[in-house]
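Q: sharing a model that was predicted from the sequence below.
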Amino acid sequence: MSKVFLVASGMLSCKKKTNVFSKKQCYVNYGILRLASVLYESGIDAMVVQGLFRSPTEIVSRLVSLGYSGSEHPLLVSVPTFFAVPWATEFSRLIRQQYPDQQIFIGGQWVVNNRVDWICEKIPEADLVICGTSDDHIVELTTTHNNKFQTTYKGNKYFVANSKMPKSFLRYELLDEAHRFHPSIEVSRGCGRGCSFCIEGNIGLTPLQEPSLVVENLEYLRGFYNHDSFYTYFQASNFCPNQEWALQLYREYEKNHLDSLWRCEIRVDTINPKTLNLLAKSGLRVIDVGLESASKSQLKRMKKTKDPDLYLKKADILLRAASKSGILAKLNIMFYPGETHKTINETISWLRHREELIQGVSAGSLILFETKDKIKPAIDEFESLGTSLAKPNPDDPEGVNRLNLSNEISFDVAEKYSSDICNMLMSDKDYFDLKSFCYFPRNYNYSDFQADIEETRSTNALDFEEIIYI
């Protein structure tokens, strides 16, 4: 049986500023690696290639070098973000041009769900659009011709699935150039906390993987990387282990003499700060904290909490507990429709009073990801707040909609605030330390980073403040 090839679409442009640093991103598309792992465990040879910021032409050549010459199986292409659609369009065109009989299946639930005809318009080579999570169906989809597909009124075929997360772990030997990447472990799916800006706000949270399986996964990775240094991202939109889970993880971690360090994303109000100490003893070193705002009115507006006072109190307690346990905290800040200079300065003031507890910040405005025919209802929801569509960046693809947040805060003003906050709370070394933990390539060191800063400054005449906001 021939090999199944899976391609994680790259990007031609970035969400923030496109430069040498943004193009260093080397982050595992763990969703498509999960599908390859399921195929592997079913006895099917599989290989994942990631586009990153390389051209579609380069990736076609890369596939050929790995033995691809057209396949009896569908070529699976993941489109994880609207920014990846133009890349996937060109890649699919090149594949069809060189291998006319190759079937191409397009997936990536956050982009393709409820947009089958739009995807097929953008990627006319798509033979099938796979909506949802297809772990339970991927073997059948790639090896048989007896699947019951649905068809849109325009005649485009699609398949809808909602699979449970497999209990097995990700197989990095199936990832091309795996040693460039810091790995991920998928520990849960969904969130269900109802935030208005989050695509997983109404998707229920699944139980965490058993601690024994997580440790088994870490042991596998230690062997895979031949005991060299690596960091691991525990993938969960809402990582909220209880004390019992954390204790079991700690015991398994100690029993197996692990020293693996890892990172995760958490909310401020769903994890007991006392649990952090156990997690720190089990390798947790960086937390991405979804604070979003310290403005009480904005927290309510984005449905982050019904009790902003309690929410911010918990955030303060969490940051102090993390600092005491030796865990670095990076805060995510989102400027949301209805922002004013007052609400943004409330957030800045809160952050400034706790800057000794904060390793870094990622700040930016809400982007609405939606197609032209569906964007108006999304904008109308915020009309009373003075929100309007901003002028797009020159290389923004369709589906990326930047916003003037209010009559006071235009998109450009919000960008300036974002830059100011990042530079206020994060040095270039802070930035590097955070990005090198799971985002930059494993072989990219601080001296390389400094050299790139100097080269970027000299060639583009950028100020430091422009460089750090990337």
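A: Great, that's in hand. Numbering: from 1, shown residues only.
Q: can we go C-alpha only for contacts and neighbour counts from here?
A: Will do.
Q: for F230, give its distance to S188.
A: Look at F230 and S188: by Cα to Cα, to the nearest Å, they are 21 Å apart.
Q: for E125, same thing?
A: Remark: distance between E125 and S188 (Cα to Cα) = 33 Å.
Q: ok, I123 next?
A: 31 Å.
Q: same question for R251.
A: Counting by Cα to Cα, the separation of R251 from S188 is 20 Å.
Q: tell me the phi and psi of I123?
A: When read as degrees, to the nearest 10, the backbone of I123 gives phi -120, psi 80.
Q: does it touch I95 like I think?
A: No. The pair I123 / I95 is not scored as a contact, 11.8 Å apart, by Cα atoms under 8 Å.
Q: wasn't I287 part of a helix?
A: No. Applying DSSP: H, G, I helix; E, B strand; the rest coil, one finds I287 to be strand, outside a helix.
Q: what about C131, neighbour count?
A: 22 (other Cα atoms under 10 Å).
Q: hmm, I was thinking of E454
A: 14.
Q: now it: which helix or strand?
A: Under the criterion of DSSP states H and E, E454 resides in helix 446-460.
Q: T81 and E370: what is the separation?
A: Remark: distance between T81 and E370 (Cα to Cα) = 11 Å.
Q: er, A236 I mean
A: Distance from A236 to E370, counting by Cα to Cα: 24 Å.
Q: likewise for L141?
A: 28 Å.
Q: and L331, by the same measure?
A: For L331, the distance to E370 equals 26 Å [Cα to Cα].
Q: so those two - more neighbours on which side?
A: Legend: neighbour count by other Cα under 10 Å for L331 and E370, higher for L331 (23 against 17).
Q: so that one sits right up against I358, yeah?
A: Yes. If you go by Cα under 8 Å, L331 and I358 touch, sitting 7.3 Å apart.
Q: which element, helix or strand, includes the nearest residue to L174 once chain neighbours are set aside?
A: Using Cα to Cα, 6 or more residues apart in numbering and skipping the chain neighbours, the partner closest in space to L174 is M47 (4.9 Å). Per DSSP H and E: M47 is located in strand 46-50.
Q: again, but for G132
A: Per DSSP H and E, G132 falls inside strand 128-133.
Q: list the contacts for the closest residue to Q235 other than its chain neighbours?
A: Nearest non-adjacent residue to Q235, counting by Cα to Cα, 6+ apart: E186, 4.6 Å away. By Cα atoms under 8 Å, 6 or more residues apart in numbering, E186 lies in contact with 30, 169-170, 234-236.
Q: let's see 10 Å
A: Applying Cα atoms under 10 Å, 6 or more residues apart in numbering to E186 gives the contacts 30-31, 34, 165-170, 208-209, 214, 233-236.
Q: just the buried residues of those.
A: 30-31, 34, 165, 168-170, 208-209, 214, 233-236 (16 or more other Cα atoms under 10 Å).
Q: in CSV, list those along with pLDDT and secondary structure.
A: CSV is the format used below for the buried ones among the contacts of E186 (pLDDT from 0 to 100; DSSP: H, G, I helix; E, B strand; the rest coil):
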residue, pLDDT, secondary structure
Y30, 93, helix
G31, 93, helix
R34, 95, helix
M165, 84, coil
S168, 81, coil
F169, 85, coil
L170, 93, coil
L208, 91, coil
Q209, 92, coil
V214, 95, helix
Y233, 96, strand
F234, 96, strand
Q235, 93, strand
A236, 90, coil
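Q: output these in JSON lines; the columns should cover distance to D269.
A: What follows is the buried ones among the contacts of E186, written out as JSON lines (distance: Cα to Cα, whole Å):
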{"residue": "Y30", "distance to D269": "26"}
{"residue": "G31", "distance to D269": "27"}
{"residue": "R34", "distance to D269": "29"}
{"residue": "M165", "distance to D269": "25"}
{"residue": "S168", "distance to D269": "29"}
{"residue": "F169", "distance to D269": "28"}
{"residue": "L170", "distance to D269": "29"}
{"residue": "L208", "distance to D269": "17"}
{"residue": "Q209", "distance to D269": "21"}
{"residue": "V214", "distance to D269": "24"}
{"residue": "Y233", "distance to D269": "21"}
{"residue": "F234", "distance to D269": "18"}
{"residue": "Q235", "distance to D269": "18"}
{"residue": "A236", "distance to D269": "15"}
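Q: what is the rounded mean pLDDT of the longest helix that the chain contains?
A: Identified as the longest helix of the chain according to DSSP state H is helix 308-324. Mean pLDDT, helix 308-324: 96.
Q: swap in stretch 91-110?
A: Here the average pLDDT along stretch 91-110 is 96.
Q: one more: stretch 12-24?
A: On average, the pLDDT along stretch 12-24 is 74.
Q: please compute how far stretch 151-160 lies from its chain's middle.
A: Offset of stretch 151-160 from its chain centre (Cα atoms, centre = their mean, to the nearest Å): 28 Å.
Q: what ranges do the helices span in the stretch 301-450 of the chain?
A: Per DSSP state H, counting those that start in this stretch, the stretch 301-450 of the chain carries helices over the ranges 308-324, 341-352, 375-380, 411-425, 428-435, 446-460.
Q: low-scoring stretches of the stretch 101-250 of the chain, by residue?
A: By pLDDT under 70, the low-scoring segments of the stretch 101-250 of the chain are 146, 201.
Q: which parts of it are strands?
A: For the stretch 101-250 of the chain, applying DSSP state E, counting those that start in this stretch gives strands covering 104-107, 128-133, 150-151, 157-162, 184-186, 231-235.
Q: so which elements touch the fourth one?
A: Spelled out, that is strand 157-162. strand 104-107, helix 109-112, helix 116-122, strand 128-133, strand 150-151 (3 or more Cα pairs under 10 Å, 6 or more residues apart in numbering; DSSP states H and E).
Q: deepest-packed of these, please.
A: Compared across those, strand 104-107 shows the largest average neighbour count, a mean of 24 (mean count of other Cα atoms under 10 Å).
Q: who touches that strand?
A: By Cα under 10 Å, 6+ apart, strand 104-107 touches 6-8, 32, 73-80, 88, 92, 95-96, 112-113, 116, 119-120, 123, 125-134, 141-142, 157-159.
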